[in-house]
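Peer 1: what would the 3D arrangement of this be:
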Amino acid sequence: MTFIQPESSLSMKLEYEEIGYFMLKNVLDEESVKSLINILSVFEKDINHYGIRDLMNKVPQIRELAMSDCLLPLAKKILGDKAKPIRAVFFDKLPDANWNVAWHQDTSIVVKAKVKMPGFNYWREKQGVMHVEPPEQYLSNILTLRVHLDSASTETGVLRVIPETHKNGRVSSNKILDIVEKSEVKECTAEAGDVLLMNPLLFHSSRKATKPKHRRIIHLEYSAMSLPEPLEWCE
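Peer 2: From the prediction side, this is the model:
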């Protein structure tokens, strides 16, 4: 595995904070990508194999990846030395799981158990994992790393973003669409081994793939914040 050169880390942080995302090229080498694909192939017989949640608890190697000298320093550059991985999800865009993902923000976190707490709302369970929408301060201090295991292009349903929209805070669905209509859309094209840093409040979406094939992503989230007791991060 490789890692961003120290001399470019400051510009990475400044650009990330300004526009809400930053693409790093060739973070994982070809051997590492192939190893991860092989490890995750264990889910191919699952019904929902295009979206596997609670990934660090299910696959120890994914926790090792999240804590590796390759990725954890990236999170610490953005969030500070207390940054730690809090969630991992595996996504794949396949012919039988090829749909439009509407413009949205990532506004939920995953916790070990439901505990009534002021400011924590819209509790729901997905694949046995408890999700809740926390106060905005927790969302704005989360960093997402999207680790690409395949190329991502217009043909394969690449992630699309609206730069700087993370500065708007949490926004209603209707208002998101109004802002998108007046904004320039950017496509986050990538190759296998690239890593996209993204603020979860950045507006993002993806279209159906026109030539659907594997578009595997390991979605990792980091935070330097602790939840109010007795709430605990799930992973």
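Peer 1: all helices of the chain, in order?
Peer 2: Under the criterion DSSP state H, the chain contains helices at 9-19, 30-40, 55-58, 60-66, 72-79, 136-140, 173-181.
Peer 1: hmm, who's touching the fifth one?
Peer 2: Contacts of helix 72-79 with the rest of the structure, by CB atoms under 8 Å, 6 or more residues apart in numbering, involve 3-4, 9, 12-13, 16, 24, 66, 83-85, 141, 143, 145, 195, 197, 222-224. Placement of C-beta: from N, CA and C, glycine included.
Peer 1: how about CSV for the helices of the chain, with mean pLDDT and distance to residue 94 added?
Peer 2: Formatted as CSV, the helices of the chain follow (pLDDT from 0 to 100; distance: least, CB to CB, whole Å):
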stretch, mean pLDDT, distance to residue 94
helix 9-19, 92, 30
helix 30-40, 95, 13
helix 55-58, 95, 17
helix 60-66, 97, 20
helix 72-79, 96, 28
helix 136-140, 96, 29
helix 173-181, 96, 26
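Peer 1: quick one: closest of those helices to residue 130.
Peer 2: Judged by CB to CB, the one of the helices of the chain that comes nearest to residue 130 is helix 55-58, at 12.9 Å.
Peer 1: please point out which parts of that closest one sit buried.
Peer 2: 55, 56, 58 (16 or more other CB atoms under 10 Å).
Peer 1: repeat that for stretch 61-78.
Peer 2: By 16+ other CB under 10 Å, the buried positions in stretch 61-78 come out as 62, 63, 65, 66, 70, 71, 72, 74, 75, 76, 77, 78.
Peer 1: endpoints of it, how far apart?
Peer 2: 23 Å (CA to CA, to the nearest Å).
Peer 1: please apply the same query to stretch 109-124.
Peer 2: End-to-end for stretch 109-124, by CA to CA: 11 Å.
Peer 1: off-centre distance for it?
Peer 2: Chain-centre distance of stretch 109-124: 20 Å, with CA atoms, centre = their mean, to the nearest Å.
Peer 1: now the contacts of helix 72-79: which count as buried?
Peer 2: Buried among those by 16+ other CB under 10 Å: 4, 12, 16, 24, 66, 83-85, 141, 143, 145, 195, 197, 222-224.
Peer 1: from these, which is closest to residue 165?
Peer 2: Nearest to residue 165 among the buried ones among the contacts of helix 72-79, with distances taken as CB to CB, is residue 16, at 13.7 Å.
Peer 1: correct me, but the closest one touches residue 199?
Peer 2: Yes: between residue 16 and residue 199 there is a contact under CB atoms under 8 Å: 7.5 Å.
Peer 1: now stretch 17-35: buried residues?
Peer 2: 19, 20, 21, 22, 23, 24, 27, 28, 32, 33.
Peer 1: cool, stretch 197-216 as well?
Peer 2: Within stretch 197-216, the residues scored as buried using 16+ other CB under 10 Å are 197-206, 209, 212, 215-216.
Peer 1: among the residues you listed, which are in strands?
Peer 2: 197, 198, 204, 205, 206 (DSSP state E).
Peer 1: okay if I get those residues as TSV plus pLDDT?
Peer 2: Shown next, in TSV, are these (pLDDT from 0 to 100):
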residue	pLDDT
197	98
198	98
204	98
205	96
206	92
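Peer 1: reformat these as CSV; add distance to residue 99.
Peer 2: Formatted as CSV, those follow (distance: CB to CB, whole Å):
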residue, distance to residue 99
197, 25
198, 21
204, 15
205, 11
206, 9
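Peer 1: that's all I had, so thanks and see you.
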